[in-house]
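Trainee: mind folding the following:
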Amino acid sequence: MLKQIIDIYEILDAPSASGAHVQAYLKETGTAECEVNHVTSDKGATDFIKITVPGKNGRINGGDAPTLGIIGRLGGIGARPERVGFVSDGDGALAVLAAAAKLGRMASLGDQLEGDVILSTHICPNAPTRPHKPVPFMDSPIPMELKNQWEVAKEMDAILSVDTTKGNKILNHRGFAISPTVKEGYLLKTSDDLLELMAQVTGQHPKVFALSQQDITPYGNGLYHINSIMQPCTATTAPVVGVAITTEVPVAGCATGATHLTDVEAAARFTLEVAKSFTEGNCAFFDTAEYAEIVKLYGPMDHFQRDGKVVV
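Mentor: Predicted structure coming up:
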């Protein structure tokens, strides 16, 4: 998928980058349906972009094959005027948009997946930054609730959330890693099917990054979050797995020249393989019987999807 990665990178690495530019590229190269929404706030603006690639037996065509959601999480693809160029934080958008381009081209050539795939992210070339330890984070002109509203679709039966996750000391590996599955406030075991697909794609032992309970709570509650990679889990009943693009040492989200295109390509290729397998019904994000049992034993945990309350 390096061609798609490079093509999308050239589109995004510009102060004029926009959803319309990506939309035009996708129309030229494939059959994906693309919707762009320009949203503003008092902190700036961004373009939300949603791409839908219908499957042979997906719900769009009247079938019952499951739908996979692939979300690119980020604050922005650029930090202009403070920084010149594409920032590390944009890797999630780059990976997801490249996957959309590849899926659209595959469909146009006759390699249509079994089920629908919905891919979403946002494009902001001049996002603000904010302090964070051990390295600064990219901020966003749009609040998290609005991002979830635009990027998380009710049609998604499972979600891969792709995000640059380099500003930490948790995983010291360059490439990408996946998270355990999160569903309705529960931290579940890591999916064996996803681990096998990761090994298949990378030719290496799969890498898993640790999550804390704080990481799966909504932003804005004052608790520490590794980053926004798991925020889709606060806005859906579908299982969510993070796909983290990682480095050996902490790298700031606002750093330029820090995007390793081959690492982003591997993460994008992983999402593509998951899309093939999941929509065919051959990839489980979680054990449904065990999930039912844990809820029976310990009750619902969906209060962790909400803002919470102060107990006196």
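
Trainee: for the stretch 201-312 of the chain, what spans make up the strands?
Mentor: 240-246 (DSSP state E, counting those that start in this stretch).

Trainee: low-confidence stretches in it?
Mentor: Scanning the stretch 201-312 of the chain for pLDDT under 70 picks out 309-312.

Trainee: so which residues of it form helices?
Mentor: Using DSSP state H, counting those that start in this stretch, the helices of the stretch 201-312 of the chain run over residues 261-279, 288-298.

Trainee: got these as CSV, with mean neighbour count and distance to Q23 columns?
Mentor: Every C-beta, even on glycine, is put in place using the N, C-alpha and C of the backbone. Shown next, in CSV, are the helices of the stretch 201-312 of the chain (neighbours: other C-beta atoms under 10 Å; distance: least, C-beta to C-beta, whole Å):
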stretch, mean neighbour count, distance to Q23
helix 261-279, 22, 19
helix 288-298, 11, 37
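
Trainee: could I get those as JSON lines with distance to P180?
Mentor: Formatted as JSON lines, those follow (distance: least, C-beta to C-beta, whole Å):
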{"stretch": "helix 261-279", "distance to P180": "15"}
{"stretch": "helix 288-298", "distance to P180": "13"}
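
Trainee: mind checking which of those helices is nearest E114?
Mentor: Nearest of the helices of the stretch 201-312 of the chain to E114, taken as C-beta to C-beta: helix 261-279 at 4.4 Å.

Trainee: for that closest one, packing partners?
Mentor: helix 2-12, strand 68-73, helix 91-108, strand 158-164, strand 175-178, helix 192-202, strand 240-246 (3 or more C-beta pairs under 8 Å, 6 or more residues apart in numbering; DSSP states H and E).

Trainee: the second one: how far from the chain's middle?
Mentor: It refers to strand 68-73. Relative to its chain's centre, strand 68-73 lies at 4 Å (C-alpha atoms, centre = their mean, to the nearest Å).

Trainee: packing partners for that strand?
Mentor: Partner elements for strand 68-73 (3+ C-beta pairs under 8 Å, 6+ apart): helix 91-108, strand 117-123, strand 158-164, helix 261-279.

Trainee: mind checking which of those is nearest E151?
Mentor: strand 117-123 (4.3 Å).

Trainee: mean confidence for the following helix or strand past the closest one?
Mentor: Note on strand 117-123: by DSSP states H and E, the next helix or strand toward the C-terminus is strand 129-130. Confidence for strand 129-130, expressed as mean pLDDT, is 80.

Trainee: I'd like the helices and strands packed on helix 261-279 laid out as JSON lines, including mean neighbour count.
Mentor: Listed next are the helices and strands packed on helix 261-279 as JSON lines, based on neighbours: other C-beta atoms under 10 Å:
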{"stretch": "helix 2-12", "mean neighbour count": "19"}
{"stretch": "strand 68-73", "mean neighbour count": "29"}
{"stretch": "helix 91-108", "mean neighbour count": "27"}
{"stretch": "strand 158-164", "mean neighbour count": "28"}
{"stretch": "strand 175-178", "mean neighbour count": "23"}
{"stretch": "helix 192-202", "mean neighbour count": "17"}
{"stretch": "strand 240-246", "mean neighbour count": "27"}
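
Trainee: for E184, find the nearest of those.
Mentor: That would be strand 240-246 among the helices and strands packed on helix 261-279, by C-beta to C-beta, at 9.7 Å.

Trainee: now for the closest one, which elements pack on it?
Mentor: Strand 240-246 packs on helix 91-108, strand 158-164, strand 175-178, strand 182-183, helix 261-279, going by 3+ C-beta pairs under 8 Å, 6+ apart.

Trainee: show me how far it is from its chain's centre.
Mentor: Distance of strand 240-246 from its chain centroid, counting by C-alpha atoms, centre = their mean, is 7 Å.

Trainee: give me the contacts around that strand.
Mentor: Applying C-beta atoms under 8 Å, 6 or more residues apart in numbering, the external contacts of strand 240-246 come out as 91-92, 95, 158-166, 171, 173-183, 191, 194, 207, 209, 211, 229-230, 232-233, 263-264, 267, 270-271, 285.

Trainee: 7 Å - rerun?
Mentor: 91, 95, 159-166, 171, 173-179, 181-182, 191, 194, 209, 229-230, 232-233, 263-264, 267, 270-271, 285 (C-beta atoms under 7 Å, 6 or more residues apart in numbering).
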